[in-house]
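Asker: any chance you could fold what I've pasted below:
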Amino acid sequence: MPDDSAAARAAAEEESAFSHPPVDPDVSAAYGDHPDQVIDFYTPKGDVSSLAPLVVVLHGGAWRAPYDRRHITPFADFLTRRGFAVANVEYRRGAVLPGQGGPGPDTGSGAGPVAGRWPDTFDDVAAALDALPDLVRQLLPQADPRRMVITGHSAGGHLALWAASRHVLPADAPWRTDRPTPLRGVVALAPIADFTVAGKLDVCGGAALQLLGGEAHFGERQPYADPALLLPTGIATTLVQGRTDVVVPEAVAEAYADAAAKAGEVVGVTLLEDVGHFPLIDPAADACAVVVEEIAQLAW
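Answerer: Residues are numbered from 1 along each chain as shown. Below is the predicted model of the structure:
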């Protein structure tokens, strides 16, 4: 458990990240019939004389229902002000079970909604990525889908890594693709990138275990869902990680990078000193500017 000063700092970082008002999209589109199957599009600000790289954003929140895409819209807006077009993807998250209240703390006892839905969460991310090229052509003509980067924070970082690995899923996986998604790369922000290590550290109250349906299903489903087992991808990948992160500790990112190295792939890891979990998506934090630079290095 973090000491009192670390916990206080983490709380202040979270408060800052969530202090920004949500930013409405320029246009939204459904990629399915469920209310959560929607993508919000944001047009680039400033010079639009040429097509802008497209950043696909997958929000975090431990795959739990109370945390939706709205909390990451200030980050999406921050990206547009630096010349990117943005697609902010919503997906189905874990339901609140009878007798449960609202979201408990990320590192708490697991009270509150279950993390994720199997297979719905994965169905949605795959469907959104498959629908994205046509939707971008129709609704976001300022974007260049040939220069696409996927980014995601925390649980969304897991989904970003997973979305880039669909071509290496087991042969019987319904989400498997014949070839890699056409990406310039992935920038995963404090991702839940290794389910074994995340489980040992009880990341987000056992969220990865819940995502796969609990102990009864974890072993059989892990090869289809755990990014650390879906390597190498052949897609440029960078992890950005705060060294004082007490929500998804540095050890999780390092485990993924180690797994990649063992699979013969080099994954970039940018470690930020004195940075916790939430500054990575907080437009008021210096760490957020570092994130944008990492995205820019891949996109341009």
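Asker: residue contacts, the nearest residue to L212 once chain neighbours are set aside?
Answerer: Leaving aside its chain neighbours, L212 sits nearest to R221 (4.3 Å; criterion: C-beta to C-beta, 6 or more residues apart in numbering). The C-beta positions use only the backbone N, C-alpha and C, and glycine is treated the same way. Contacts for R221 (C-beta atoms under 8 Å, 6 or more residues apart in numbering) come out as 118, 212-213.
Asker: any idea whether R221 is helix, strand or coil?
Answerer: helix (DSSP: H, G, I helix; E, B strand; the rest coil).
Asker: could you do V186 as well?
Answerer: strand.
Asker: stretch 246-266: which residues count as buried?
Answerer: Neighbour counts using 16 or more other C-beta atoms under 10 Å place 246-250, 252-257, 259-260, 265 of stretch 246-266 among the buried residues.
Asker: you'd agree D26 is up against Y42?
Answerer: Yes: if you go by C-beta atoms under 8 Å, D26 and Y42 touch, sitting 5.8 Å apart.
Asker: more neighbours, those two?
Answerer: Y42 (26 against 15; other C-beta atoms under 10 Å).
Asker: got a list of what the closest residue in space to the more buried one that isn't next to it in sequence touches?
Answerer: Among residues not flanking Y42 along the chain, V86 sits closest, at 4.1 Å (C-beta to C-beta, 6+ apart). Shown in contact with V86 (C-beta under 8 Å, 6+ apart): 41-42, 54-57, 76, 79-80.
Asker: which one of the residues you listed sits in the busiest neighbourhood?
Answerer: Result: V55 is most packed of these (other C-beta under 10 Å), 30 neighbours.
Asker: list the contacts for it?
Answerer: Neighbour list for V55: 79, 84-87, 148-151, 295, 299 [criterion: C-beta under 8 Å, 6+ apart].
Asker: how close does it get to I150?
Answerer: The spacing between V55 and I150, counted by C-beta to C-beta, to the nearest Å, is 8 Å.
Asker: for the residue nearest to Y42, what is the enclosing helix or strand?
Answerer: Of the helices and strands defined by DSSP states H and E, V86 is found in strand 85-89.
Asker: most surrounded residue in the contacts of R221?
Answerer: Neighbour tally across those (other C-beta under 10 Å): the maximum, 22 neighbours, falls on L212.
Asker: buried residues in stretch 79-88?
Answerer: If you call a residue buried by 16+ other C-beta under 10 Å, then stretch 79-88 has these buried ones: 79-80, 82-88.
Asker: ignore what I typed, I meant stretch 4-13.
Answerer: The neighbour-count check on stretch 4-13 (16+ other C-beta under 10 Å) flags 9-10, 13 as buried.
Asker: pull the contacting residues for L140.
Answerer: 27, 41, 43, 54, 85, 87.
Asker: want to throw those into CSV with pLDDT and distance to Q241?
Answerer: Converted to CSV, the contacts of L140 look like this (pLDDT from 0 to 100; distance: C-beta to C-beta, whole Å):
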residue, pLDDT, distance to Q241
V27, 98, 33
F41, 98, 28
T43, 97, 30
L54, 98, 24
A85, 98, 26
A87, 98, 24
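Asker: farthest pair in these?
Answerer: Greatest spacing in the contacts of L140, by C-beta to C-beta: V27 and L54 (14.1 Å).
Asker: picking that back up, filter the contacts of V86 down to the ones in strands?
Answerer: Of those, the ones assigned to strands by DSSP state E are 41-42, 54-57.
Asker: between those residues, which sits nearest A173?
Answerer: Closest approach to A173 among these (C-beta to C-beta): V56, at 20.5 Å.
Asker: pLDDT score for the closest one?
Answerer: Reported pLDDT at V56 in the predicted model: 98.
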